[in-house]
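K.L.:
this is a predicted model, with the sequence first.
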Amino acid sequence: MEERIRVLLAKPGLDGHDRGVKVIARALRDAGMEVIYTGLRQTPEMVVSAAVQEDVDAIGLSILSGAHLTLFPRVVELAREAGLDDVIIFGGGIIPDEDVPKLKEAGVSQVFTPGARMEEIIEFIRNNARRTSQPA
């Protein structure tokens, strides 16, 4: 039996809107991935702790509040400290184009902004996750 890609989705910070991340969660599930959604108002420590406990292949962060330059790098830092070097970390939400290179420099693998196609997100995860097998 093949293992499914495990993706943890989180809403770090004080952002209270999660409709978009729920749409992503559904699309990833429909694509055959196992999705763990941690809910709203997560600290970076909570996100990484859940990632370790759930043995995930990818961490997806969604933010609309503007705190991405603080929260995303902190999640990357804590994930690396926890030994999650092979776990990809991607982000999405309302992120200005000029901040994308800064996030990538901080270790965020990919950033998806409004208008990103679901197929693009699914393909990115499938091509970059450590566990790449999908059930038939």
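P.N.:
Structure's in. What do you need? Residues are numbered from 1 along each chain as shown.
K.L.:
spell out for me which residue occupies the centre of the chain.
P.N.:
Nearest to the mean C-alpha position of the chain, by CA atoms, centre = their mean, lies residue 60 at 0.7 Å.
K.L.:
let me see the contact set for that one.
P.N.:
7, 8, 9, 10, 21, 24, 89, 90, 91, 92 (CB atoms under 8 Å, 6 or more residues apart in numbering). For glycine as for every other residue, the C-beta is placed from the backbone atoms N, C-alpha and C.
K.L.:
shouldn't the third one be within a strand?
P.N.:
Yes. Secondary structure of residue 9, determined by DSSP: H, G, I helix; E, B strand; the rest coil: located in a strand.
K.L.:
ok, residues contacting stretch 62-74?
P.N.:
Residues contacting stretch 62-74 (CB under 8 Å, 6+ apart): 9-15, 17-18, 20-21, 24, 44, 61, 89, 91-95, 99, 102-103, 106-108.
K.L.:
quick one: mean pLDDT for the lengthiest helix in the chain?
P.N.:
Ranked by residue count, the top helix of the chain under DSSP state H comes out as helix 68-81. For helix 68-81, mean pLDDT rounds to 98.
K.L.:
what of stretch 107-116?
P.N.:
According to the model, stretch 107-116 has a mean pLDDT of 96.
K.L.:
end to end, how far does that stretch reach?
P.N.:
The straight-line separation of the ends of stretch 107-116 (CA to CA, to the nearest Å) is 20 Å.
K.L.:
got the buried residues for that stretch?
P.N.:
For stretch 107-116, the neighbour count (16 or more other CB atoms under 10 Å) marks 108, 109, 110, 111, 112 as buried.
K.L.:
sort out which of the residues you listed are in strands and list them.
P.N.:
Secondary structure from DSSP state E places 110, 111, 112 of the buried residues of stretch 107-116 in strands.
K.L.:
having no further points to raise, I will conclude here.
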